[in-house]
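*Asks:* here is my input, please return the structure:
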Amino acid sequence: MWAELLPVGRSAASGGYRRFAWNSADAECRAWFEEQARKRGLTYELDRNGNQWAWLGDPAAGGAVVTGSHLDSVPDGGAYDGPLGVVSSFAALDELRSRNAELTRPLAIVNFGDEEGARFGVACIGSRLTAGVLGREAAYELRDADGVRLPDAMEKAGYDPAAIGADGDRLARIGAFVELHVEQGRYLAEDQPVGVASAIWPHGRWRFDFHGEANHAGTTRIEDRRDPMLTYANTVLSARKKAKLAGALATFGKVAVEPNGTNAIASLVRGWLDSRAADEETLTGLVEEIERAAYERGERDGVRVQLTRESYTPVVDFDGPLRDRLARRLNRTGTPGGVPVLPTGAGHDAGILASAVPTAMLFVRNPSGVSHSPAEHAETADCLAGVAALADVLEDLACQ
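*Replies:* All right, here's what the predicted structure looks like:
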């Protein structure tokens with residue numbers, strides 16, 4: 001399965017992946033998922049929001065145990081973020097069958113659409129729509145960098161966007177959702193191939209618009225300039241400093257410039273801030289400080305600053321009883337020191353669903369600590385340990 005997915009959407013230039021929502025690579029990934037489901041005799045289903053489901057047992061029976069992740073990527077992302085969870089889910093089902101496990105509850109594998117938000121700027125669109133966190137009207141207003149609206153992209157890919165929206169009936173079927181994901185960062189030790197998530201830090205995305213005045217780079221005096229690039233650059237540096245002081249994270253990783261000419265002073269610079277912290281109070285205070293610094297510098301530069309919050313996810317504490325049950329089950333395997341339980345700063349579909357159904361996460365060790373990059377990696381032995389752990393967890397949940 002891993003070998004089949006590796007070439008899909010991979011850039012020859014960067015070695016990274018460009019599997020964006022509703023593009024051709026996304027279609028290939030979706031076709032692969034459907035093929036894996038049908039090869040195993042599972043009931044394949046596409047829900048109203050474009051998420052893919054593969055069912056073993058009667059979905060209407062209720063109390064289903066669901067696992068899975070996503071197959072899309074960030075621009076030039078790595079191979080493991082998302083796909084490892086989906087591949088491991090199918091492999092864990094194969095393992096359960098090899099054990100002759102007798103499931104007493106329905107089991108499903110899911111591929112949530114557009115988890116990374118690389119195309120339309122909002123993360124976890126598929127799960128947000130399903131949980132009602134993102135409404136239809138707001139979704140219809142989302143546009144990609146080329147101005148293509150989300151519903152138009154879905155329609156072009158052969159899907160009817162008129163159906164999207166909250167899916168309470170589907171969520172009511174789920175008794176527990178467990179997502180396996182490659183570790184993002186480097187917190188699991190060499191003898192700890194698998195960990196259990198305790199919580200997800202609150203996080204969000206903010207767009208800063210710096211409005212200046214276009215002018216000639218070679219003839220405009222320094223004192224006559226209203227250069228938004230200066231305000232943007234100062235804001236980036238300020239964010240880094242203030243995040244360090246707060247013990248939080250702040251990153252400007254995307255920027256757009258108009259008119260984007262080498263010999264022109266920009267008229268507009270747009271910068272997107274990704275910020276995360278251990279608690280909501282710290283995150284709110286940090287963003288406010290970054291905003292204040294941007295406005296103050298803008299006044300000095302003659303630049304008008306606008307701030308728009310594009311997405312926000314509050315702190316997510318995973319279901320305590322489910323989290324503890326996973327840890328107890330995995331500790332039976334004799335992991336030295338026990339299976340670690342640790343928080344993460346990365347957002348996931350499991351975090352979105354946590355408000356509606358009991359959710360939990362497993363992490364597979366990433367020895368490099370690198371993610372959202374072609375250098376992202378996990379050792380095969382650790383991946384196999386992740387499959388075994390997921391199978392153990394699913395057996396514990398679905399066979400009792």
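*Asks:* which residues does the residue lying closest to G15 once chain neighbours are set aside contact?
*Replies:* Leaving aside its sequence neighbours, G15 sits nearest to P374 (Cβ to Cβ, 6 or more residues apart in numbering; 4.1 Å). C-beta coordinates here come from the backbone N, C-alpha and C atoms, glycine included. By Cβ atoms under 8 Å, 6 or more residues apart in numbering, P374 lies in contact with S14, G15, G16, Y17, D76, G77, G78.
*Asks:* closest one to G204 out of those, please.
*Replies:* Nearest to G204 among those, counting by Cβ to Cβ, is G77 at 20.0 Å.
*Asks:* can you report how many residues lie near that closest one?
*Replies:* Per other Cβ atoms under 10 Å, the neighbour tally for G77 reads 23.
*Asks:* model confidence for P336, exactly?
*Replies:* pLDDT for P336: 52.
*Asks:* right, and G386 touches S89 too?
*Replies:* No. The pair G386 and S89 does not pass the contact test of Cβ atoms under 8 Å, sitting 10.4 Å apart.
*Asks:* Three-state assignment for the residue nearest to G15, please.
*Replies:* coil (DSSP: H, G, I helix; E, B strand; the rest coil).
*Asks:* ok, back up a step: so what sits against both of G386 and S89?
*Replies:* Joint contacts of G386 and S89 (Cβ under 8 Å, 6+ apart) are L180.
*Asks:* from A256, how far off is the residue nearest to G15?
*Replies:* P374 is 23 Å from A256, where distance means Cβ to Cβ, to the nearest Å.
*Asks:* check contacts around G41.
*Replies:* By Cβ under 8 Å, 6+ apart, the contact set of G41 is empty.
*Asks:* quick one: it and L56, what's the gap?
*Replies:* Going from G41 to L56 by Cβ to Cβ gives 8 Å.
*Asks:* try Q400
*Replies:* Noted for Q400: a distance of 16 Å to L56, by Cβ to Cβ.
*Asks:* neighbour-wise, which of the two wins?
*Replies:* L56 (22 against 8).
*Asks:* wait, doesn't the more buried one sit right on L93?
*Replies:* Yes. Taking Cβ under 8 Å as the definition, L56 is a contact partner of L93 at 7.0 Å.
*Asks:* the top helix by length along the chain: which residues count as buried?
*Replies:* As assigned by DSSP state H, the longest helix anywhere in the chain is helix 280-301. By neighbour count with 16 or more other Cβ atoms under 10 Å, helix 280-301 contains the buried residues 282-283, 286-287, 289-291, 293-295, 297-298, 301.
*Asks:* how distant is it from the center of its chain?
*Replies:* When C-alpha coordinates are averaged (Cα atoms, centre = their mean, to the nearest Å), helix 280-301 and its chain have centres 26 Å apart.
*Asks:* isn't there a helix covering R323?
*Replies:* Yes. Counting by three-state DSSP, R323 is located in a helix.
*Asks:* which helix or strand contains the closest residue to it other than its chain neighbours?
*Replies:* Once flanking residues are discounted, R323 sits nearest to A360: 5.2 Å by Cβ to Cβ, 6+ apart. According to DSSP states H and E, A360 maps onto strand 359-364.
*Asks:* and the helix or strand following that strand, what does it pack onto?
*Replies:* On the C-terminal side of strand 359-364, the closest following helix or strand by DSSP H and E is helix 380-398. Judged by 3 or more Cβ pairs under 8 Å, 6 or more residues apart in numbering; DSSP states H and E, helix 380-398 is in contact with strand 64-69, helix 83-98, strand 174-182, strand 194-200, helix 320-331, strand 359-364.
*Asks:* turn the ones you listed into TSV, columns for mean pLDDT, distance to E310 and mean neighbour count.
*Replies:* What follows is the helices and strands packed on helix 380-398, written out as TSV (pLDDT from 0 to 100; distance: least, Cβ to Cβ, whole Å; neighbours: other Cβ atoms under 10 Å):
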stretch	mean pLDDT	distance to E310	mean neighbour count
strand 64-69	98	23	27
helix 83-98	98	25	22
strand 174-182	97	23	24
strand 194-200	93	18	23
helix 320-331	92	30	17
strand 359-364	96	24	26
